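Chemist: here you go, sequence then predicted model.
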Amino acid sequence: QVQLVESGGGLVQAGGSLRLSCTASGRALIFYGMAWFRQAPGKEREFVGTISPSGGATSYVDSVKGRFTISRDNAKNTVYLQMNSVKSEDTAIYYCAASTRMSRTSANEYNYWGRGTQVTVTS
């Protein structure tokens, strides 16, 4: 079992930056592909990006490419989402998730989820 806890959410002005963290317990994250998803009010959960177990491969949804960066520190059992140049449409609850498979973009392929952290972009 893996327990995931997100942190770092909050209010940020449009154009600003925020870094989210996802810390795991229960098992080493090195065994898992990790991803960030988000869910805005009234919308379905959306894939944001994923990172391979070693951190050598990442992929992102087009709407965040060039603005968001996923990284991981397996020694700290933590995954990060660096959000730059945020926009109002980035407002959502952000979830991290772990999968025994690599580079998956579908929520159905993730076995473990955190409870999420709210990000609100203000104008």
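Modeler: Everything's here; your move.

Chemist: this structure: helices as residue ranges?
Modeler: Assigned helices in the chain: none (criterion: DSSP state H).

Chemist: need the contact list for the residue nearest the centre of it.
Modeler: Nearest to the mean C-alpha position of the chain, by CA atoms, centre = their mean, lies residue 36 at 2.5 Å. Contacts for residue 36 were tallied using CB atoms under 8 Å, 6 or more residues apart in numbering; they are 20, 22, 48, 49, 50, 70, 79, 81, 94, 95, 96, 97. Just so you know, the C-beta spots here come from the backbone N, C-alpha and C atoms, and that holds for glycine as well.

Chemist: just checking, the third one touches residue 59?
Modeler: No - look at residue 48 against residue 59 with CB atoms under 8 Å: they stay out of range, at 10.1 Å.

Chemist: between those two, who's got more neighbours?
Modeler: For the pair residue 48 and residue 59, the greater number of neighbours falls to residue 48 (24 against 15), based on other CB atoms under 10 Å.

Chemist: in space, what's closest to that one - neighbours in sequence excluded?
Modeler: Spatial nearest neighbour of residue 48, excluding adjacent residues (CB to CB, 6 or more residues apart in numbering): residue 36 at 4.2 Å.

Chemist: now swap in residue 102 and tell me
Modeler: Residue 102 sits nearest to residue 33 (CB to CB, 6+ apart), 4.2 Å away.

Chemist: ok, what's across the strand from that neighbour?
Modeler: residue 99 (DSSP bridges).

Chemist: from memory it sits against residue 103, does it?
Modeler: Yes - counting by CB under 8 Å, residue 103 is a contact partner of residue 33 at 6.0 Å.

Chemist: common neighbours of those two, please.
Modeler: In contact with both residue 33 and residue 103: 50, 52, using CB under 8 Å, 6+ apart.

Chemist: so between the two, which is more surrounded?
Modeler: Between residue 33 and residue 103, counted using other CB under 10 Å, the more crowded position is residue 33 (21 against 15).

Chemist: distance of that one from residue 13?
Modeler: 32 Å (CB to CB, to the nearest Å).
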